[in-house]
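Asks: Dropping a prediction and its sequence here:
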Amino acid sequence: MYRADRMADNLPLLEPFTKQHTYCTYCPKMCRFSCPVSVAQSSETTTPWAKMTSAHHVNDGNLDMSESVAASWYGCTGCLRCRTHCTHRNEVAATLHAARAEAIQDGRAPTRAFAVLEEHERRERNASLAGSRLYASPATEAKADVIYFPGCTANVLRAGDAVAGWRATRALADAPVHVVADRCCGLPLLEAGDPERFRRAAAEVLSAISGATLVVFLDPGCLHAMEVESVRHGLTPTANRMIHLSELAARHIDRIKPLAKPTTARYHDPCRLGRGLGVYEAPRRVLAKILGNEVEEFNQSRHDSICSGGGGQLPRTDPQTAAAIAKDRLARHAWVGGGNIVTACPGSAKQLSENGNDPVMSFAALLEESCREDR
Ligand code: SF4
Ligand code: SF4
């Protein structure tokens, strides 16, 4: 419904993104094809243009923030593919985070988004408990220059990846390694619509890793949250260097041993690692050494890779669409020959393995096997 009686700038949290949603509103939908959500839903309502334009018009008072409008703002995995195909490199996902925060404050956000926020403390507690079991070993150094940060998703849902990443980090780091597994980076809070709680959670993580020479992240989402989103929310990274596990492995490529039997796998670029942080080559170089073969590629790879559907809290707010996106990615995998898939993101591995029958290999598990002393 259009309304003419409201003042402009109704959504103060959207103010830093005025340029972004205005650009989209006056754009002829140049990135229309790029959004995995609108493709999976066959819906114009969830194209980047439509989500940004509705935020623009709610902000300027020409559109009510109905529950269906607010729901469309949650139809984004944060994959950043629209940004790749945008001349302005427009930050659609970050703008939608702000729009979601307004929807939460207005009480119009989807029930499942409120549930993500309500359940967050329990999720963090479970991750911390899992962490204290997984890394309960005298070899987990209490204080060290190198920190390993596995992330909640891996600790709870991909424990094998989490432990494999820890062992590989210890094997490669040439230094004692301390694990920080008792807190969440806060990304689910940001994605569900509570930037203030995200800021507090991120500040706590930055404090926990402050002074470390090197912090190795298993989950690209956590690394992106610490390196990019925390800065966007006014925080200053405190560790000297934050890197992904694949970057640590690439630094030590001479020590990476091939598997006893060469094999092949197609590499799925995690969105936050590739488009988010520009890390495309490190995992490919390391995997080529481990597998004994260059990785196979999707038709859409590197900057144009298509999401697995695991980001942006979509599996929790709209599991059907999240599953449809994963199935689409798997269909594209079958189209170019099928076989093994390998990815360097615990969330993507979970999403792809739950939505098909193709073997999904974990970068961390392969790396751990390659680093094992008894090989
Ligand atoms: S993100 Fe860029 S290409 Fe896409 S609708 Fe907005 S301005 Fe246009
Ligand atoms: S970031 Fe990805 S999911 Fe979100 S609007 Fe852009 S293309 Fe769609």
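Replies: Thanks, I have the structure now. Ligands and ions are numbered 1, 2, ... in the order given.
Asks: any idea whether whichever residue of the stretch 51-200 of the chain sits closest to ligand 1 is helix, strand or coil?
Replies: For the stretch 51-200 of the chain, the residue closest to ligand 1 is C86, as judged by CB to the nearest ligand atom, at 3.0 Å. Placement of C-beta: from N, CA and C, glycine included. When classified by DSSP: H, G, I helix; E, B strand; the rest coil, C86 comes out as coil.
Asks: Leaving out the residues flanking it, which one is nearest to R266?
Replies: Counting by CB to CB, 6 or more residues apart in numbering, E296 is the residue found nearest to R266 once chain neighbours are left out, at 4.1 Å.
Asks: Can you pull up the most central residue in the protein?
Replies: Residue closest to the average C-alpha location in the chain (CA atoms, centre = their mean): G221, at 3.3 Å.
Asks: my read: it touches P188, true?
Replies: No. If you go by CB atoms under 8 Å, G221 and P188 don't touch, sitting 9.3 Å apart.
Asks: Now the residue of the stretch 51-200 of the chain closest to ligand 1: closest residue in space that isn't a chain neighbour?
Replies: That would be C31: by CB to CB, 6+ apart, it lies 5.2 Å from C86.
Asks: quick one: contacts for the one you found?
Replies: Applying CB atoms under 8 Å, 6 or more residues apart in numbering, we find C31 in contact with 48-49, 81-82, 85-86.
Asks: same deal with S34?
Replies: Counting by CB under 8 Å, 6+ apart, S34 has contacts 48, 81-82, 84-85.
Asks: and T238, how many residues sit next to it?
Replies: Around T238 there are 18 other residues, counting by other CB atoms under 10 Å.
Asks: burial measure for the spatially closest residue to it that is not a sequence neighbour, as a count.
Replies: Closest residue to T238 apart from its sequence neighbours, by CB to CB, 6+ apart: S210 at 3.6 Å. Neighbour count of S210, defined by other CB under 10 Å: 13.
Asks: Which strand or helix spans S210?
Replies: Under the criterion DSSP states H and E, no helix or strand holds S210.
Asks: so how far is ligand 1 from it?
Replies: 35 Å (CB to the nearest ligand atom, to the nearest Å).
Asks: so the residue of the stretch 51-200 of the chain closest to ligand 1 makes contact with M30?
Replies: Yes. Judged on CB under 8 Å, C86 makes contact with M30 at a distance of 6.6 Å.
Asks: If you count surrounding residues, which of those two has more?
Replies: C86 (20 against 16).
Asks: picking up where we left off before, show me which of the contacts of S34 are buried.
Replies: By neighbour count, with 16 or more other CB atoms under 10 Å, the contacts of S34 hold 48, 81-82, 84-85 as buried.
Asks: Contacts (any at all) between ligand 2 and the longest helix anywhere in the chain?
Replies: Taking DSSP state H as the criterion, the chain has its longest helix at helix 319-335. No. Using CB under 6 Å from any ligand atom, helix 319-335 never reaches ligand 2; the gap is at least 8.7 Å.
Asks: Figure out how far the helix or strand just after that helix is from the centre of its chain.
Replies: Next along the chain after helix 319-335, taking DSSP H and E as the criterion, comes strand 341-343. The chain centre lies 16 Å from the centre of strand 341-343; the measure is CA atoms, centre = their mean, to the nearest Å.
Asks: as a whole number, average confidence for strand 341-343?
Replies: The average pLDDT within strand 341-343 is 98.
Asks: so how far is the next helix or strand after that strand off the chain centroid?
Replies: Toward the C-terminus, strand 341-343 is succeeded by helix 346-354 as the next helix or strand (DSSP H and E). Mean-position distance between helix 346-354 and its chain equals 12 Å (CA atoms, centre = their mean).
Asks: Please apply the same query to stretch 229-247.
Replies: 14 Å.
Asks: try stretch 298-318
Replies: 9 Å.
Asks: Show the end-to-end separation of it, please.
Replies: End-to-end distance for stretch 298-318, by CA to CA, to the nearest Å: 26 Å.
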